[in-house]
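Asks: just to be clear, the model below is a prediction. Sequence and coordinates:
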Amino acid sequence: MGIDTEVPLIDGSRVPYVFLDNGASTPTFRHAFDVMGEFMPFYSGVHRGTGFKSILATQVFDETHVIAGTFVGADLTDNTVIFVKNTTEAVNKLANRCDWKEGDVVITTMMEHHSDDLPWRRHARVIHIGVDDKGYLDMEQLREAFAANKGRVRFLAATGASNITGIINPIHELAEIAHSNGAYMFVDAAQLAPHRAIDVLPDDNPGHIDFIAYSAHKMYAPYGIGVLIGPKEYFSHGEPDMVGGGVVDIVELDQVAWSAPPAREEAGSPNVPGAVGLAAAIHMLQSVGMNAIAEHESTLVNHAIEKMKEVPGMLIYGPVEKEELHNKVGVIAFDIAGVPHAKLAAILSVEAGIGVRNGCFCAHPYVKRLLQYGEEDSQKVTEEILSGDRTNLPGMVRASFGCYNNIEDVDRLIDILHRVARGEIKGDYELDRRSGTYWPRNFDYSFSEYFPHFSFRPTRSITNFNEAS
Ligand SMILES: Cc1ncc(COP(=O)(O)O)c(C=O)c1O
């Protein structure tokens, strides 16, 4: 939905929007929206209502769990599908529900989104496995970390695909290493699930993924729901992560009997329309075929990287050689030498109608590593940021493709990158030091023409431009 929306440019013209920020959130599948529309007349409380609509909605809601689980090949005899808000909440829940012991260790990677790093830090000693200059995980270091922490590692937590370089991790090989060391394997599939078929493999396979999480809003169903899948057994002991209605079998004034999962972990009234949207989006992805999607996105990535290499001053982070690109989802991080990343992102928006993202993409350590920041550079920037000056915020620009993007979208990006490299810039861009963002003087979008329902602030007052995922 909305992929042909016309947007204004700085010269007063309008062009169809090219959205290349699918790694953040994708547009909605029309099918998901339509199926939600068909469901809404029956929308009703689930699990406790006795009327026709409640019974229908309950069955629909239960079935959406099955659809979300089978999408990644989970065996639902022994595993449960828990609906959460998003991947971030899933990792927090998983970490909160572990029976941690003094000295426990979690091994994760330097590639992680903060969502698969910070939740673990609250409970255990976290070891971050390094990456090489291109951003690939150092497998040797991983094995050494397990050897050095024998018997203490509870989880190996790794992203399925990087939200910056697009590198796909060898998740089953990682799972084998984790299992042979008595640890659980968790995969953050937020960036993998929209792009590649996932199979967590049977529970008794050494490469089995014990826990996996993904977000609906990154797979064409942006209705505030995410998924956490893992063994029923894991969630069957101890107190639920969040308590309240829906998580109990019986409550006395002085005792509580918790329900079985997933109900035990889905406190409060659930997001039933979100679950319907997610399940419909999954059906759509399955009918198109994940392999067809992977092939199409691979064509876009190959074309984009080949053409980007011809842009003077272009710096591309992550894999760029043809033979490595099959192992990368449709995410490309780049810079043009001499052009601040925040300025480049603003130019793409107001001079070409292209939506991208810039900054550190909620993965600060990985971005700094790719930019080859030393300890001293890092410290200096941290001090500047803490003093309220984000001028030198580390970062890059990211173009991320969805299954609906096409070669023309990529060519629009390449065209503006060439123009920027030649210095053919129309706006007079001004830096806001506080936010680290650039915006052309005397220009703003007239958003209320497009969406008249709410009021809008001037764009330059948005201080938080760089910090969203
Ligand atoms: C790799 C990765 N993990 C986790 C997340 C967090 O996802 P959410 O914001 O849906 O919780 C993101 C979001 O960009 C991501 O790219």
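Replies: That came through, no problem. Model, not experiment: these values are computed from the prediction.

Asks: tell me which element the residue of the stretch 251-400 of the chain found nearest the ligand falls in.
Replies: Among all residues of the stretch 251-400 of the chain, Cys362 sits closest to the ligand, at 6.2 Å; criterion: Cβ to the nearest ligand atom. All C-beta spots, glycine's among them, are computed from the backbone N, C-alpha and C. Following DSSP states H and E, one finds Cys362 outside all helices and strands.

Asks: and for the one 5 residues further on?
Replies: Following DSSP H and E, the helix or strand that holds Val367 is helix 364-370.

Asks: next helix or strand past that helix?
Replies: helix 375-386.

Asks: the helix or strand following that next one - contacts with which helices or strands?
Replies: Reading on from helix 375-386 to the C-terminus, the next helix or strand found by DSSP H and E is strand 396-400. Strand 396-400 is packed against strand 331-336, helix 341-352, strand 357-359, with contacts defined by 3 or more Cβ pairs under 8 Å, 6 or more residues apart in numbering; DSSP states H and E.

Asks: mind listing what's buried along the one helix or strand in the chain whose mean pLDDT sits lowest?
Replies: Scoring the helices and strands of the chain by mean pLDDT, DSSP states H and E places helix 375-386 at the bottom, with a mean of 92. Within helix 375-386, the residues scored as buried using 16 or more other Cβ atoms under 10 Å are Val381, Glu384.

Asks: other residues contacting that helix?
Replies: Lys368, Tyr373, Arg390, Thr391, Asn392, Leu393, Pro394 (Cβ atoms under 8 Å, 6 or more residues apart in numbering).

Asks: and for the first one, the neighbour number?
Replies: If I follow you right, that is Lys368. Around Lys368 there are 19 other residues, counting by other Cβ atoms under 10 Å.

Asks: hmm, Leu393 and it touching each other?
Replies: No: using Cβ atoms under 8 Å, Lys368 makes no contact with Leu393, being 10.9 Å away.

Asks: quick one: the residue nearest to the spatial centre of the chain from Ala421, how far?
Replies: Against the mean C-alpha coordinate of the chain, by Cα atoms, centre = their mean, the closest residue is Ala190 at 4.2 Å. According to Cβ to Cβ, to the nearest Å, Ala190 and Ala421 sit 32 Å apart.

Asks: could you do Gly49 as well?
Replies: For Gly49, the distance to Ala421 equals 61 Å [Cβ to Cβ].

Asks: who's more crowded, these two?
Replies: Applying other Cβ under 10 Å to Gly49 and Ala421 shows that Ala421 carries more neighbours, namely 17 against 14.

Asks: gap between that one and the ligand?
Replies: Relative to the ligand, Ala421 is positioned 28 Å away (Cβ to the nearest ligand atom, to the nearest Å).

Asks: hang on, that residue packs against Val311?
Replies: Yes: under the criterion of Cβ under 8 Å, Ala421 makes contact with Val311 at 5.2 Å.

Asks: pull up the overlap in contacts between those two.
Replies: Going by Cβ under 8 Å, 6+ apart, residues that sit against Ala421 and also against Val311 are Ile336.

Asks: contact partners for Lys85?
Replies: The contact partners of Lys85, by Cβ under 8 Å, 6+ apart, come to Gly224, Ile225, Gly226, Asn271.

Asks: quick one: the helices in the stretch 151-300 of the chain?
Replies: For the stretch 151-300 of the chain, the helices defined by DSSP state H, counting those that start in this stretch cover 171-180, 232-235, 272-288, 290-308.

Asks: what strand or helix carries the nearest residue to Ser162 once chain neighbours are set aside?
Replies: Closest residue to Ser162 apart from its sequence neighbours, by Cβ to Cβ, 6 or more residues apart in numbering: Met111 at 5.0 Å. For Met111, there is no helix or strand it lies in under DSSP H and E.

Asks: re earlier: tally of neighbours for the residue of the stretch 251-400 of the chain closest to the ligand?
Replies: Neighbour tally, Cys362, other Cβ under 10 Å: 20.

Asks: quick one, phi psi at it?
Replies: phi 60, psi 30 (degrees, to the nearest 10).

Asks: what residues does stretch 40-55 touch?
Replies: Leu56, Ala57, Thr58, Val60, Phe61, Gly246, Ala263, Ser269, Pro270, Val272, Pro273.

Asks: tell me how this protein divides into domains.
Replies: Domain ranges of the chain: 6-28+289-461, 43-287, per automatic domain parsing.

Asks: out of these, deepest packed?
Replies: Highest mean neighbour count among these (mean count of other Cβ atoms under 10 Å): domain 43-287, with a mean of 19.

Asks: hmm, that one touching the ligand?
Replies: Yes: using Cβ under 6 Å from any ligand atom, domain 43-287 reaches the ligand at 86-88, 113, 115-116, 159, 163, 188, 190-191, 215, 226.

Asks: re earlier: what is the nearest of the contacts of Lys85 to Phe451?
Replies: Gly224 (19.5 Å; Cβ to Cβ).

Asks: quickly note the distance from the residue lying closest to Ala74 once chain neighbours are set aside to Thr88.
Replies: Among residues not flanking Ala74 along the chain, Ile229 sits closest, at 5.0 Å (Cβ to Cβ, 6+ apart). To Thr88, Ile229 is 16 Å away according to Cβ to Cβ.

Asks: just Gln191 next, same as before
Replies: 13 Å.

Asks: dump the strand or helix carrying Ala68 to CSV, restricted to CA.
Replies: Assigned by DSSP H and E, Ala68 falls within helix 52-70. C-alpha atoms of helix 52-70 as CSV (Å, rounded to 0.1, in the frame of the first residue of the first chain):
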residue,chain,number,x,y,z
PHE,A,52,-20.4,-16.0,18.3
LYS,A,53,-17.8,-13.2,17.5
SER,A,54,-15.6,-14.1,20.5
ILE,A,55,-15.6,-17.7,19.6
LEU,A,56,-14.7,-16.9,16.0
ALA,A,57,-12.1,-14.4,17.0
THR,A,58,-10.6,-16.9,19.5
GLN,A,59,-10.2,-19.5,16.9
VAL,A,60,-8.7,-17.0,14.5
PHE,A,61,-6.3,-15.8,17.1
ASP,A,62,-5.2,-19.4,18.0
GLU,A,63,-4.7,-20.2,14.3
THR,A,64,-2.5,-17.2,13.8
HIS,A,65,-0.1,-18.6,16.3
VAL,A,66,0.1,-21.8,14.3
ILE,A,67,0.7,-19.8,11.1
ALA,A,68,3.4,-17.8,12.7
GLY,A,69,5.1,-20.9,14.0
THR,A,70,4.9,-23.1,10.9
